[in-house]
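A.B. asks: How does the following fold in three dimensions:
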Amino acid sequence: MATNTVVVTIEKPNNLSFPEVNGTDSLLLPDKQKAASPKQFTWVLLLKAHRVLTSLSWVAMTFKSMFLSIKKRIALSDVSEEEPKSRGRLYRFIKVFLVISILALVLEVIAHFKKWNLQMLRPWEVQGLVQWSYMAWLSFRVDYIAPFVIFLSKSCTVLFLIQSLDRLVLCIGCFWIKYKKLKPTIEGEVYDIEDCSSFPMVLVQIPMCNEREVFAQSIAAACQLDWPRERVLIQVLDDSDDGNLQLLIKDEVSSWCEKGVNIVYRHRLIRTGYKAGNLKSAMGCDYVKDYEFVAILDADFQPNPDFLKLTVPHFKGNPELGLVQARWSFVNKDENLLTRLQNINLCFHFEVEQQVNGVFLNFFGFNGTAGVWRIEALEDSGGWLERTTVEDMDIAVRAHLNGWKFIFLNDVKVLCELPESYETYKKQQHRWHSGPMQLFRLCLPAIITSKITIWKKANLILLFFLLRKLILPFYSFTLFCIILPLTMFIPEAELPLWVICYVPIFMSFLNILPSPKQFPFLVPYLLFENTMSVTKFNAMVSGLFQLGSAYEWVVTKKTGRSSESDLLAFAERESKSLSEEKISRRHSESGLELLSKLTAEDVPSVKKKNKLYRKELALALLLLTASARSLLSAHGVHFYFLLFQGLSFLVVGLDLIGEQMS
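C.D. replies: Numbers count the residues shown, from 1 in each chain. Have a look, this model is predicted:
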């Protein structure tokens, strides 16, 4: 058994004693643990070394797995072919910019490690081609590049501040609406429930094109609207080019028709003008003259039964009112990160932009669906035109120029879907941002010569079109994707912290206020919006200069999702109608048989693949190169912003956000 030792040391100046105890069972300090022996100390070191090696191994395996995943994604993915030659110029510009940045980074790294101080060198003291090249680059940068970049950065910063001020004013207006509890009210008495003739005639239109996943639920939702059946007609406007799908939709319409619903099916043989042409064709029917209002519901929209009773009464006693717009609500907003970020954007659009413009200006852009129009307002404004891909904004602007007023109902929500894949979302955003520029070119002369007040003209030209549709994507892409990485190589034009950090975070905070549950996604939202600025900028340019891509119309793909409460309510209504009305099962059985046959035999199974997006990948490399350059000068926040923004572009470029395809 080991002996216990007690060592007492006495310091001479103070004559104080301090016990130092070594041993396992000391009498003085019984709680003192046994001192580590050399053998135990060795084991501790080995254990720590094993943990370090395990961590390093885990990190190495993680990077290896990530590299293999990226390699596999590149091997199995399709390079995005959605860009014709007219849209390849931006990609070529980014590639040239990337090559120059990499060369500049190599020169900067060599100069950093060799500790060149070229300010103290005379031309005849320069040694070697590399040092001479670096000195020539510095001279060229200071004399020619820096002044232009400084001017461009200051201009974009001014535009950024103007747009931020506009957004701040909109938020203040929204807070004022909440504080004063301002909202549209129904004037006069509501319609007499006992007298069906007091209800106005309403036409409900459901335009669709190859909407296999959602046609049944959209038709079912429209057929169950709470409105006298003899005072409403539902038009299913089918532009599908799939004959089997047409049979399915016809069978669905027939089944509801047998239940007593006033519903008709229309199909165009020639699909010209896309949605605008479809609606224009439907409005040309002879029986439309008997109807006073038209409600438009896209194929993935599922209104509540009281939708018409909450919107149509606003027209009563208000002859100048042309449009009542309801808000969108999303059944799949929490499906993935992409839908969460879209929900943030659209919640701000409806609750802030649409509501403020509706309350203070009586004007906003029609959202294309979930709205009710006075048919007289449509006819007075020229009806649906096929000249742009944003027919909804087109008719809204023309109606506003003719003096019609709009109302936005923030409390009336209509369920719909958000795009769940980045490819679908990208195509939707391209259409939404190229169309307004087309429309601006077409409408500018009409706006200038119209009889509306000068303030309404200024709002349309400066705010509605230029600031929110042109300047926003321009400065967002130019400032954060071009100028910011440039300033890492041109320190004379360095952007201040408040431009790249404080103001963007504050504006993102304002954007996320209408959807407070999404606050954890504040930083991803900021990075993703900068990433999407490439698509929006590209679309804006194509629409402004009438490039071929500005006329493309791609139907947003749907998945047919419904909330759990919707499914339960729908099942309950179906069982009740079957038990009470005892409808013949012929149509339902034939529909199910037809559906099973068509899905099993005639619908080919297409193996979908994720895509690679070249512009996003090139910008990812550019931003990561700039972040590496910022390390040499210890920029701090600039480095982190460029790093995470570059990674955001990389994730999007590899199509790793949203719905994943196999």
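A.B. asks: Of all the residues in the longest strand that the chain contains, which ones are buried?
C.D. replies: In the chain, with assignment by DSSP state E, the single longest strand is strand 405-416. Neighbour-count burial for strand 405-416, counted by 16 or more other CB atoms under 10 Å, picks out 405-410, 412-416. Just so you know, the C-beta spots here come from the backbone N, C-alpha and C atoms, and that holds for glycine as well.
A.B. asks: residue contacts, residue 641?
C.D. replies: Shown in contact with residue 641 (CB atoms under 8 Å, 6 or more residues apart in numbering): 484, 500-501.
A.B. asks: ranking these by neighbours, who comes first?
C.D. replies: residue 484 (25 neighbours; other CB atoms under 10 Å).
A.B. asks: Thought residue 495 was touching that residue, still the case?
C.D. replies: Yes: judged on CB atoms under 8 Å, residue 484 makes contact with residue 495 at a distance of 6.1 Å.
A.B. asks: what's the overlap in contacts for the two?
C.D. replies: Taking CB under 8 Å, 6+ apart as the contact rule, residue 484 and residue 495 both touch residue 638.
A.B. asks: quick one: the helices in the stretch 251-400 of the chain?
C.D. replies: Using DSSP state H, counting those that start in this stretch, the helices of the stretch 251-400 of the chain run over 274-283, 307-311, 337-348, 355-361, 375-380, 391-401.
A.B. asks: Need phi/psi at residue 234.
C.D. replies: Dihedral pair for residue 234: phi -100, psi 120, per degrees, to the nearest 10.
A.B. asks: For it, grab the count of nearby residues.
C.D. replies: Residues lying near residue 234 (other CB under 10 Å) number 23.
A.B. asks: for the stretch 1-150 of the chain, what spans make up the helices?
C.D. replies: All helices of the stretch 1-150 of the chain, identified by DSSP H, counting those that start in this stretch, fall at 38-76, 88-114, 129-140, 146-180.
A.B. asks: on contacts alone, who are the packing partners of the last one?
C.D. replies: Using 3 or more CB pairs under 8 Å, 6 or more residues apart in numbering; DSSP states H and E as the contact definition, the elements that helix 146-180 packs against are helix 355-361, helix 472-477, helix 484-489, helix 503-512.
A.B. asks: how does it look with 6 Å?
C.D. replies: helix 355-361, helix 472-477 (3 or more CB pairs under 6 Å, 6 or more residues apart in numbering; DSSP states H and E).
A.B. asks: for the first one, packing partners?
C.D. replies: Here helix 355-361 touches helix 146-180, strand 405-416, going by 3+ CB pairs under 6 Å, 6+ apart.
A.B. asks: before we move on, what about the last one?
C.D. replies: Judged by 3+ CB pairs under 6 Å, 6+ apart, the packing partners of helix 472-477 are helix 146-180, helix 522-544.
A.B. asks: about what we covered before: gap between the longest strand of the chain and the chain center?
C.D. replies: 20 Å (CA atoms, centre = their mean, to the nearest Å).
A.B. asks: Let's see that strand as CSV, backbone CA atoms only.
C.D. replies: These are the backbone C-alpha positions of strand 405-416, laid out as CSV (Å, rounded to 0.1, in the frame of the first residue of the first chain):
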residue,chain,number,x,y,z
LYS,A,405,-60.6,52.5,-57.8
PHE,A,406,-59.3,49.3,-56.2
ILE,A,407,-59.7,47.8,-52.7
PHE,A,408,-57.4,45.3,-51.0
LEU,A,409,-58.9,43.0,-48.3
ASN,A,410,-56.0,41.9,-46.1
ASP,A,411,-58.5,39.8,-43.9
VAL,A,412,-59.8,37.7,-46.8
LYS,A,413,-57.3,34.9,-47.5
VAL,A,414,-57.3,32.4,-50.4
LEU,A,415,-55.3,29.2,-50.1
CYS,A,416,-52.7,28.5,-52.8
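A.B. asks: ok now the helix or strand that comes right after it, how far from the chain's centre?
C.D. replies: Using DSSP states H and E, the helix or strand that follows strand 405-416 in sequence is helix 422-449. A distance of 16 Å separates the centroid of the chain from that of helix 422-449, by CA atoms, centre = their mean.
A.B. asks: So for helix 422-449, what gets flagged as buried?
C.D. replies: Quick answer for helix 422-449 (16+ other CB under 10 Å): 422-440, 443, 447.
A.B. asks: and the angle for that helix with helix 391-401?
C.D. replies: When axes from the mean of the first three to the mean of the last three CA atoms, to 10 degrees is applied, the directions of helix 422-449 and helix 391-401 differ by 20 degrees.
A.B. asks: My guess is residue 291 contacts residue 201. True?
C.D. replies: Yes: applying CB atoms under 6 Å, one finds residue 291 in contact with residue 201, separated by 4.3 Å.
A.B. asks: Can you give me the neighbour number for residue 461?
C.D. replies: Residue 461: 16 neighbours (other CB under 10 Å).
A.B. asks: any idea how far it lies from residue 276?
C.D. replies: Separation of residue 461 from residue 276 (CB to CB, to the nearest Å) stands at 23 Å.
A.B. asks: winner for burial among the helices and strands packed on helix 355-361?
C.D. replies: Mean neighbour count, computed with mean count of other CB atoms under 10 Å, is highest for strand 405-416 among the helices and strands packed on helix 355-361, reaching a mean of 20.
A.B. asks: and that one with helix 391-401, angle?
C.D. replies: Relative orientation of strand 405-416 and helix 391-401, computed by the same axes, to 10 degrees: 160 degrees.
A.B. asks: tell me the average confidence for strand 405-416?
C.D. replies: What strand 405-416 shows for mean pLDDT is 96.
A.B. asks: could you say what helices and strands that strand packs with?
C.D. replies: So strand 405-416, by 3+ CB pairs under 6 Å, 6+ apart, packs with strand 321-330, helix 355-361.
A.B. asks: Tabulate the ones you listed (TSV), appending mean pLDDT and mean neighbour count.
C.D. replies: Shown next, in TSV, are the helices and strands packed on strand 405-416 (pLDDT from 0 to 100; neighbours: other CB atoms under 10 Å):
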stretch	mean pLDDT	mean neighbour count
strand 321-330	97	24
helix 355-361	96	20
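A.B. asks: In TSV, list these along with distance to residue 643.
C.D. replies: Shown next, in TSV, are the helices and strands packed on strand 405-416 (distance: least, CB to CB, whole Å):
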stretch	distance to residue 643
strand 321-330	32
helix 355-361	36
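A.B. asks: out of the ones you listed, which comes closest to residue 174?
C.D. replies: Closest to residue 174 of the helices and strands packed on strand 405-416 is helix 355-361 (CB to CB; 5.6 Å).
A.B. asks: roughly how far out does that closest one sit from the chain middle?
C.D. replies: The mean C-alpha position of helix 355-361 is separated from the chain mean by 23 Å, CA atoms, centre = their mean.
A.B. asks: Same check on stretch 244-261?
C.D. replies: With CA atoms, centre = their mean as the basis, the mean position of stretch 244-261 lies at 35 Å from the chain mean.
A.B. asks: Repeat that for stretch 486-501.
C.D. replies: Taking CA atoms, centre = their mean, one finds the center of stretch 486-501 at 27 Å from the center of the full chain.
A.B. asks: do the same with stretch 468-487
C.D. replies: For stretch 468-487, the separation from the chain centroid amounts to 17 Å (computed by CA atoms, centre = their mean).
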